[in-house]
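> I'd like to go over a predicted model; first the sequence, then the structure.
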Protein chains: 2
Amino acid sequence: MDAQLKILDIHEVPLVCRGCDARHNGVCSTLTPHQLTELNKHSQRKAVEAGTELIGQGQQVHSYSNILKGVVKLSKIMADGRQQIVGLQFAPDFMGRPFHGESLMAAEAATDTELCVLPRKILERMISESSELGSRLHNQALTELDEARDWMLTLGRKSAREKVASLLVLVAAHADPDRLGDCAFELPLSRADIADFLGLTIETVSRQMTKLRKDGLIHIENNRQVYVPDLDKLAVTAGGD
Amino acid sequence: MDAQLKILDIHEVPLVCRGCDARHNGVCSTLTPHQLTELNKHSQRKAVEAGTELIGQGQQVHSYSNILKGVVKLSKIMADGRQQIVGLQFAPDFMGRPFHGESLMAAEAATDTELCVLPRKILERMISESSELGSRLHNQALTELDEARDWMLTLGRKSAREKVASLLVLVAAHADPDRLGDCAFELPLSRADIADFLGLTIETVSRQMTKLRKDGLIHIENNRQVYVPDLDKLAVTAGGD
DNA sequence: TAGCGACTTTGACTTGAATCAAGCATGAGA
DNA sequence: TCTCATGCTTGATTCAAGTCAAAGTCGCTA
């Protein structure tokens, strides 16, 4: 938790990106200069290392964040300890939910992560002032809903092999959105995290990774570095579509 | 598809309920009289029987609907026919999604259903005029996101017995939200639908229902009529919490 | 009221993923 | 350089859920 704090120029970061249709070059905000000044005054840059808990399940949420760098995992935990990762937030996503004060899940940094923390009250006032900002957040919520439902199909109906392939395709898409054909990236998740995301055990994940490797669909180095020679082929073994 | 159409008084129906905090007595709308008149002129009442397809996967969506009566299932289908139900909409839910034109899943009436169909363009104009309406829809999206993520935990980490119990608890909650202790309701889903919602096969669903019955947790009549003597006990076997 | 069809249950068997249990790397610290 | 911890892989075995097959139930229509 060695948080290094400093005032951030809000111009440098996108505010709500996942829900926007267009690609942005690091700027997504449509705030007024006055609003920007205010956010600059009150928002804080925060760097945390992998494994840091950002929000505990059932905890009250007093702030929203832009993820500047890294990957955050959202997970639900049952009373007996069983865990399911229910979403991944990649930079430059916005994290948090207006109107919903209490968190129904935990948020934890999957990798070393940098955040821009925005105070809840100020942001909510800006939402009520700007319908553009509100509709962007609405849009992001709908996008996340689509993604959650896609993942429900993966969890409910796919085999272990298809699940692992689906995860690799998902990460590849975020690492290099426009890349066709081959693609290389670093896995932001441990085997244990992958298992919790796919509803599998560590052992099964490991076995399926090995099989995909032996089938020539992926190459792995140092457990985390993945190279996919043919992304289409991998997508097909992920269940097509 | 024997749709019977007639002009509906929009005052009679709630517009967006799931996302609202308060309970409403059948009226949820905050539209102006002028907006109500316009909706009255353009919205249509539609009655369909169980099994009717409302929106096909990949189809363009030109209207939104309020569900007046019945249950609608939302599902994703893979190329090889595997299916996953990714959400249930109970009356008086609003169905549809602003800004997202194309449907990424199919919607089908699970029971005999009555809808109030609102033209897309008119509703979207009203959303842009009324921030209250927009924020209610935003709220509903967030609620659905929470529900989808809860279900991801069910799909990924629960046993067949827990899954079936979870479904029964879910339906019970919608049938009779305030009921404590015991509770009776009619299942809006066939065994096949339940299997598709839980990521199981029909046979497994049937076996688990039988076990729950033999364990005294539920009573079943005519396959669809369910009586739960102790809802808390059922919730515990659904995985607690 | 017999017969058909759709839906559900039940049984026997198979299988994919979980569990249990060693081993293998890699990196940090002594 | 050795040890220890952590994370990953691999193998043997078990078990929960899937598959295949048959029979039961109900409502509908002729």
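Yep, that arrived.
> so where's chain A uncertain?
Residue ranges of chain A with pLDDT under 70: A:1-30, A:98-101, A:241.
> tell me the domain ranges of it?
A:10-155, A:158-237 (automatic domain parsing).
> Which one, of the ones you listed, ends up nearest to B:Ser190?
B:Ser190 lies closest to domain A:10-155 among the domains of chain A, at 19.3 Å (Cβ to Cβ). From N, CA and C alone the C-beta is placed, and that goes for glycine too.
> Tell me where chain A has strands.
For chain A, the strands defined by DSSP state E cover A:44-48, A:53-55, A:63-69, A:71-77, A:83-90, A:94-95, A:106-109, A:113-119, A:183-186, A:219-221, A:225-228.
> Hey, what's the angle from the fifth one to strand A:113-119? Just curious.
Which is strand A:83-90. 80 degrees (axes from the mean of the first three to the mean of the last three Cα atoms, to 10 degrees).
> I'd like to know which elements the lengthiest helix in chain A is packed against.
Assignment by DSSP state H gives helix A:131-157 as the longest helix of chain A. Under the contact criterion of 3 or more Cβ pairs under 8 Å, 6 or more residues apart in numbering or on different chains; DSSP states H and E, helix A:131-157 touches strand A:83-90, helix A:120-129, helix A:160-175, strand B:71-77, strand B:83-90, helix B:131-157.
> hmm, back to that, can you tell which of the domains of chain A is closest to B:Ala106?
domain A:10-155 (11.7 Å).
> can you list the residues that contact stretch A:62-71?
Here stretch A:62-71 makes contact (Cβ atoms under 8 Å, 6 or more residues apart in numbering or on different chains) with A:13-15, A:45-46, A:54, A:88-96, A:98, A:109-120, A:123, A:188-189.
> near DNA strand D, anything from that stretch?
No. Applying Cβ under 7 Å from any atom of the strand, one finds stretch A:62-71 separated from DNA strand D by no less than 14.3 Å.
> The most centrally placed residue in chain A and B:Arg213, how far apart?
Of all residues in chain A, the one closest to the mean position by Cα atoms, centre = their mean is A:Gln89, 1.3 Å from it. Applying Cβ to Cβ, to the nearest Å, the value for A:Gln89 to B:Arg213 is 42 Å.
> now do A:Tyr227
From A:Tyr227 to B:Arg213 the distance is 53 Å (Cβ to Cβ).
> any idea how far the most far-flung residue of chain A relative to its centre is from DNA strand D?
The outermost residue of chain A relative to its centre, with distances by Cα atoms, centre = their mean, is A:His34 at 29.7 Å. The spacing between A:His34 and DNA strand D, counted by Cβ to the nearest atom of the strand, to the nearest Å, is 46 Å.
> What count of nearby residues applies to A:Cys116?
23 (other Cβ atoms under 10 Å in any protein chain shown).
> For it, which non-adjacent residue is spatially closest?
A:Asn66 (4.2 Å; Cβ to Cβ, 6 or more residues apart in numbering or on different chains).
> cool, A:Ala141 as well?
What sits nearest to A:Ala141 in space, not counting adjacent residues and going by Cβ to Cβ, 6+ apart, is B:Ala141, at 4.3 Å.
> DNA strand C contacts on chain A?
So far as Cβ under 7 Å from any atom of the strand goes, chain A lies against DNA strand C at A:159-161, A:199-201, A:203-204, A:222.
> tell me which of those is nearest to B:Ile194?
A:Gly199 (18.7 Å).
> how far away is the nearest residue to the closest one once chain neighbours are set aside from DNA strand D?
Ranked by Cβ to Cβ, 6+ apart and with sequence neighbours excluded, the top spatial neighbour of A:Gly199 is B:Gly156, at 2.9 Å. Distance from B:Gly156 to DNA strand D, counting by Cβ to the nearest atom of the strand: 12 Å.
> do the same with A:Arg120
Distance from A:Arg120 to DNA strand D, by Cβ to the nearest atom of the strand: 32 Å.
> How many residues are close by that residue?
Neighbours of A:Arg120 (other Cβ under 10 Å): 16.
> Name the residue of chain A with the shortest distance to DNA strand C.
Of all residues in chain A, A:Thr204 sits closest to DNA strand C, at 3.0 Å by Cβ to the nearest atom of the strand.
> quick one, what contacts that residue?
A:160, A:195.
> Flag every residue of chain A that's near DNA strand D.
Residues of chain A lying near DNA strand D (Cβ under 7 Å from any atom of the strand): A:190-192, A:202-203, A:205-207, A:209-210, A:220, A:223-224.
> let's see it at 10 Å
Residues of chain A found near DNA strand D (Cβ under 10 Å from any atom of the strand) are A:50-51, A:156-157, A:159, A:187, A:189-195, A:201-211, A:213-214, A:220, A:222-224.
> Just give the number of residues close to A:Gln57.
Neighbour number of A:Gln57 under other Cβ under 10 Å is 15.
> next one: A:His62
Should you count by other Cβ under 10 Å, A:His62 turns out to have 12 residues around it.
> where's it relative to A:Glu102, distance?
Distance from A:His62 to A:Glu102, by Cβ to Cβ: 11 Å.
> circling back to that earlier point, write a PyMOL command that selects only the buried members of the residues of chain A next to DNA strand C.
In PyMOL, a selection of the buried entries from the residues of chain A next to DNA strand C looks like this (16 or more other Cβ atoms under 10 Å in any protein chain shown):
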select buried, chain A and resi 160+161+199+200+204
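> Turn the residues of chain A next to DNA strand C into TSV, columns for distance to A:Asn40.
TSV is the format used below for those (distance: Cβ to Cβ, whole Å):
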residue	distance to A:Asn40
A:Ser159	50
A:Ala160	48
A:Arg161	49
A:Gly199	42
A:Leu200	44
A:Thr201	46
A:Glu203	49
A:Thr204	48
A:Asn222	40
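> Among the residues of chain A next to DNA strand C, which one sits closest to A:Glu132?
A:Gly199 (37.9 Å).
> Next up, the contacts around the closest one.
A:84, A:155, A:163, B:155-157.
> still on that earlier bit, what's the local residue count around the residue nearest to A:Cys116?
26.
> Also the one 3 residues further on?
Around A:Lys69 there are 13 other residues, counting by other Cβ under 10 Å.
> partner residues bridging it?
A:Glu114 (DSSP bridges).
> ok, so what distance separates it from A:Asp176?
According to Cβ to Cβ, A:Lys69 and A:Asp176 sit 16 Å apart.
> Equivalent analysis for A:Phe197, please.
Counting by Cβ to Cβ, the gap from A:Phe197 to A:Asp176 is 20 Å.
> So for these two, which residue has more residues nearby?
Neighbour comparison, A:Phe197 and A:Asp176: the larger count goes to A:Phe197, with 28 against 15 (by other Cβ under 10 Å).
> which residues touch the residue lying closest to the more buried one once chain neighbours are set aside?
Spatial nearest neighbour of A:Phe197, excluding adjacent residues (Cβ to Cβ, 6+ apart): A:Ile85 at 4.0 Å. The neighbours of A:Ile85, taking Cβ under 8 Å, 6+ apart as the test, are A:73-75, A:193, A:196-197.
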